[in-house]
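> Provide a 3D model corresponding to the input given below.
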Amino acid sequence: MSFSLRHLYNNILEYRGHGLAYELLPSVAPDVRSIMHRLERHKTYVEISKGDAEGTEDLWDLYALSRISDTLLWNFQPQEWQPVLPEVSLDQYREFFRASGLEPYDITRFHPFFHEIVGVETVEDPDNPAEITDFVWPGMRFGSMIFSRQGVMIKAGKNVIDKTIADKSTLFFTYRRKRPTLDLSHGWGSNSQWRTAFRRDYETADFYTYNAGHRVIDASQGLSDDDDFEQSGLSATQLIELIRFRQFVRTNKECNPEDLAPWWCTVVEPK
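The predicted structure follows:
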């Protein structure tokens, strides 16, 4: 059987023993690197049209690798949650993805483009900007694309990041965390779920682009009455919050997360 990221994901889930980082991962890193070499054009943004079968399959491969990352990140998260998954150390996680062709990063100033919020401490000043208090796992780049954001603990004022919301709101564009998550694979069958496109976030000299390749949302213009996004009951500002952070951090939205539609819109943020 030829190598595939989907099969590697299943092999990691089924692995029993204590040598995951010494046996399985080093043996497959060259195969993963070969796939990433084929995907190198995505290190910078390329448009993928509906009829671009090769580009679509590229995004499926990136998505499959992101599921592997989600699985290996599981035990770094402090929350108590089932199931118990195979463990690797932070150094082993970092080395596997480096050997696979990605570049680890550690950025010390909080920004939602680079950082995923793992936990929040509220400070007295309600307008205090978010500051990183601890690093939970490293981020990963693929050229100018953010493959996986860096996991961090933060402190912030309630008007900036509301702990009561940010600690428990659904994390979108994500398959697995020790919290509610939602991506477009959820609810599909064992084969169809792997036809999920990877979300692409790119950094350029002048901009951060979140969820590249879709309709650009501008808070100053709002949403039209016949817009699919408007039907979810979100304002443009709330939708941008959801896309930038991949979760709500200030908006207390009581609804079924599946009724929201952040998947098909892009946010472009000047630096």
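
> stretch 262-271 spans what distance, first to last residue?
Stretch 262-271 has its terminal residues 22 Å apart, counting by Cα to Cα, to the nearest Å.

> in that stretch, what's buried?
Of all the residues in stretch 262-271, those buried under the rule 16 or more other Cβ atoms under 10 Å are 262-263, 265-267. C-beta here means a position set from N, CA and C on the backbone, and glycine is covered the same way.

> what residues does it touch?
Residues from elsewhere that reach stretch 262-271, judged by Cβ atoms under 8 Å, 6 or more residues apart in numbering: 113, 172-173, 184, 205-217, 228-229, 239-240, 242-244.

> does T108 touch I132 like I think?
Yes. With contact defined as Cβ atoms under 8 Å, T108 and I132 form a contacting pair (6.3 Å).

> comparing those two, which residue is more hemmed in?
Applying other Cβ atoms under 10 Å to T108 and I132 shows that I132 carries more neighbours, namely 17 against 9.

> packing partners of the helix ranked longest in the chain?
If you go by DSSP state H, the chain has its longest helix at helix 53-73. Counting contacts by 3 or more Cβ pairs under 8 Å, 6 or more residues apart in numbering; DSSP states H and E, helix 53-73 is packed against helix 5-14, helix 25-38, helix 90-99, strand 145-148.

> that one - what's its average pLDDT?
Mean pLDDT, helix 53-73: 97.

> how far does it sit from its chain's centre?
How far helix 53-73 lies from its chain's middle: 11 Å, per Cα atoms, centre = their mean, to the nearest Å.

> CA atoms of it as PDB?
Taking C-alpha atoms only, helix 53-73 is exported to PDB below (Å, rounded to 0.1, in the frame of the first residue of the first chain):
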ATOM      1  CA  ALA A  53      -8.500  19.100  -9.100                       C
ATOM      2  CA  GLU A  54      -4.800  19.100  -8.200                       C
ATOM      3  CA  GLY A  55      -5.100  22.200  -6.000                       C
ATOM      4  CA  THR A  56      -8.100  20.800  -4.300                       C
ATOM      5  CA  GLU A  57      -6.300  17.500  -3.500                       C
ATOM      6  CA  ASP A  58      -3.400  19.600  -2.200                       C
ATOM      7  CA  LEU A  59      -5.700  21.200   0.400                       C
ATOM      8  CA  TRP A  60      -7.000  17.800   1.300                       C
ATOM      9  CA  ASP A  61      -3.400  16.600   2.000                       C
ATOM     10  CA  LEU A  62      -2.700  19.700   4.100                       C
ATOM     11  CA  TYR A  63      -5.900  19.000   6.000                       C
ATOM     12  CA  ALA A  64      -4.900  15.400   6.700                       C
ATOM     13  CA  LEU A  65      -1.500  16.600   8.100                       C
ATOM     14  CA  SER A  66      -3.300  19.100  10.300                       C
ATOM     15  CA  ARG A  67      -5.300  16.200  11.800                       C
ATOM     16  CA  ILE A  68      -2.000  14.500  12.600                       C
ATOM     17  CA  SER A  69      -0.800  17.700  14.300                       C
ATOM     18  CA  ASP A  70      -4.000  17.900  16.300                       C
ATOM     19  CA  THR A  71      -3.500  14.400  17.500                       C
ATOM     20  CA  LEU A  72       0.100  14.900  18.600                       C
ATOM     21  CA  LEU A  73      -0.800  18.200  20.300                       C
END
